[in-house]
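Trainee: Sequence plus predicted model, see below.
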Amino acid sequence: MVFLLGATSKKTRALIKYAVKKSNLIKSSTANPSGFWLSNNKKEILKNIESFKNRACRTLESAVRLKDTWNSINPKDPIK
């Protein structure tokens, strides 16, 4: 609904972050249908937490691979 009102994804993320800080249980999904939902379902929240953790691990792995690739190509100018 936020996009229908013309908000950007950056504004949407800020709004969701604000709502969570104000103690709203909001889950997200990239599956069909994608979006954000209020939830009071413990299983849904736990599943969403695991999804965030897995995504964080994959992001860290990508960062490490990027750094390692840079360092292998640029041994005289490594990233520490």
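Mentor: That came through fine. Numbering: from 1, shown residues only.
Trainee: how deep is residue 52 tucked in, by neighbour count?
Mentor: By the criterion of other CB atoms under 10 Å, residue 52 has 11 neighbours. C-betas here are computed from N, CA, C, even on glycine.
Trainee: Buried by neighbour count: which residues of the lengthiest helix in the chain qualify?
Mentor: In terms of residue count, the longest helix belonging to the chain (DSSP state H) is helix 42-73. The neighbour-count check on helix 42-73 (16 or more other CB atoms under 10 Å) flags residue 48 as buried.
Trainee: counting contacts, what elements does it pack onto?
Mentor: Judged by 3 or more CB pairs under 8 Å, 6 or more residues apart in numbering; DSSP states H and E, helix 42-73 is in contact with strand 26-29.
Trainee: Please enumerate residues in contact with the strand it packs on?
Mentor: Residues from elsewhere that reach strand 26-29, judged by CB atoms under 8 Å, 6 or more residues apart in numbering: 16, 19-20, 35-39, 44-45, 47-48.
Trainee: Quick check: the most centrally placed residue in the chain vs residue 67, distance?
Mentor: In the chain, the residue lying closest to the centroid (CA atoms, centre = their mean) is residue 52, at 6.3 Å. Look at residue 52 and residue 67: by CB to CB, to the nearest Å, they are 23 Å apart.
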